[in-house]
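Chemist: Structure for the following, please:
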Amino acid sequence: MWLFYFPAIGFALFWKGHRLMIGMAATAILLTMAGIWLSPVSQIDLAIINWTFFVLACAVFSGVGWWVGRVVRQEEERLSYVMRATRDAIYDWDVRTGVVERNDTYREIYGGMAGPDAGWWEQRVHPDDRARVLEELQQTMRNRAQSWSSEYRLRRLDDSYALVLDRGYIAYDPGGSPLRRVGAVTDITELKREEALRTVEKQALELVAKGRALNDVLAFLCRSVETHTAPMHCSV
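Modeler: Purely as a prediction, here's the structure:
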């Protein structure tokens with residue numbers, strides 16, 4: 001009688017290493033133990049039923065596994081397309097291991113390779129912004145908040161600095177410890193520069209309206225242009 005069950009148990013234990021199959025093997029053993037108290041004819045019937053159940057279950061679970069794998073591959077492919085299409089620099093930081101994955105845009109503009117290099121990002125943040133940004137991030141994680149954003153200067157590959165808006169989502173384990181931080185870095189340098197120049201223009205017009213001397217207005221414009229469009233120089 002055991003000959004009916006040993007093949008099923010062995011196949012269940014080793015087929016693709018699925019833990020679910022181990023549970024099915026345990027079911028086969030329990031059915032066998034229960035079958036000891038049956039008549040020989042009933043035991044054979046039980047073996048046939050068990051084999052039938054096992055084959056059907058393998059087929060069902062194999063189909064489910066294939067379907068789940070297909071869905072996962074489609075989602076990964078869709079995410080890959082999105083990461084290629086966007087001009088945002090996207091990163092995925094495993095907080096526990098320090099391993100950071102970055103999309104092509106991030107690597108092309110700011111550098112960085114995949115691996116345990118979370119400290120690399122800290123060194124690329126402008127020294128005048130670093131302490132503030134790190135404290136904001138740590139405070140967010142201490143509060144177990146899921147959303148985090150900050151504006152700071154980030155060094156590009158050419159060693160110039162971009163003013164960026166970093167927006168991220170933080171995932172936590174049931175104990176409240178941070179697991180992953182996924183986010184996007186947007187270069188807002190030109191946006192902020194345009195806003196500043198519009199403000200300068202408005203201030204210059206106010207000086208003219210107040211009757212200030214033309215040289216004073218031009219000197220103000222030159223200082224403002226040099227401040228917001230470095231390394232350009234202006235003289236009157």
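Chemist: can we go C-alpha only for contacts and neighbour counts from here?
Modeler: Will do.
Chemist: Just the element for the residue nearest to R167 when sequence neighbours are not counted, please.
Modeler: Nearest residue to R167 in three dimensions, chain neighbours excluded: S149, at 4.3 Å (Cα to Cα, 6 or more residues apart in numbering). Using DSSP states H and E, the element containing S149 is strand 147-155.
Chemist: Contacts for the helix or strand following that strand, please.
Modeler: Counting by DSSP H and E, the next helix or strand C-terminal to strand 147-155 is strand 161-172. With Cα atoms under 8 Å, 6 or more residues apart in numbering as the test, strand 161-172 has contacts from 126, 141, 144-156, 178-189.
Chemist: rewinding a little: give me the helices and strands touching the strand holding S149, please.
Modeler: Under the contact criterion of 3 or more Cα pairs under 8 Å, 6 or more residues apart in numbering; DSSP states H and E, strand 147-155 touches helix 127-142, strand 161-172.
Chemist: Which of the residues in that strand are classified as buried?
Modeler: The neighbour-count check on strand 147-155 (16 or more other Cα atoms under 10 Å) flags S147, W148, S149, E151, Y152, R153, L154, R155 as buried.
Chemist: Now that strand - C-alpha only, PDB.
Modeler: What follows is strand 147-155, C-alpha atoms only, in PDB (Å, rounded to 0.1, in the frame of the first residue of the first chain):
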ATOM      1  CA  SER A 147       6.000  60.800   2.800                       C
ATOM      2  CA  TRP A 148       9.200  62.800   2.700                       C
ATOM      3  CA  SER A 149      10.300  65.800   0.600                       C
ATOM      4  CA  SER A 150      13.100  68.300   0.700                       C
ATOM      5  CA  GLU A 151      14.800  70.900  -1.500                       C
ATOM      6  CA  TYR A 152      18.600  70.900  -1.600                       C
ATOM      7  CA  ARG A 153      21.600  71.200  -3.800                       C
ATOM      8  CA  LEU A 154      22.900  67.900  -5.300                       C
ATOM      9  CA  ARG A 155      26.200  67.700  -7.100                       C
END
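Chemist: Let me know the pLDDT of L56.
Modeler: Looking at L56, its pLDDT stands at 65.
Chemist: ignore the last one, E190
Modeler: 88.
Chemist: mind checking how far it is from S224?
Modeler: Using Cα to Cα, to the nearest Å, E190 is found at 15 Å from S224.
Chemist: how is the chain carved up into domains?
Modeler: Domains of the chain are assigned by automatic domain parsing as 2-83, 87-187, 191-228.
Chemist: wait, which of the buried residues of strand 147-155 is closest to E122?
Modeler: Closest approach to E122 among the buried residues of strand 147-155 (Cα to Cα): L154, at 9.3 Å.
Chemist: Verify the stated contact: the closest one with P127.
Modeler: No: the pair L154 / P127 is not scored as a contact, 9.7 Å apart, by Cα atoms under 8 Å.
Chemist: Might you report the residue contacts of D129?
Modeler: By Cα under 8 Å, 6+ apart, the residues touching D129 are Y152, R153.
Chemist: Would you mind measuring from it to D104?
Modeler: 25 Å.
Chemist: Great, nothing more from me.
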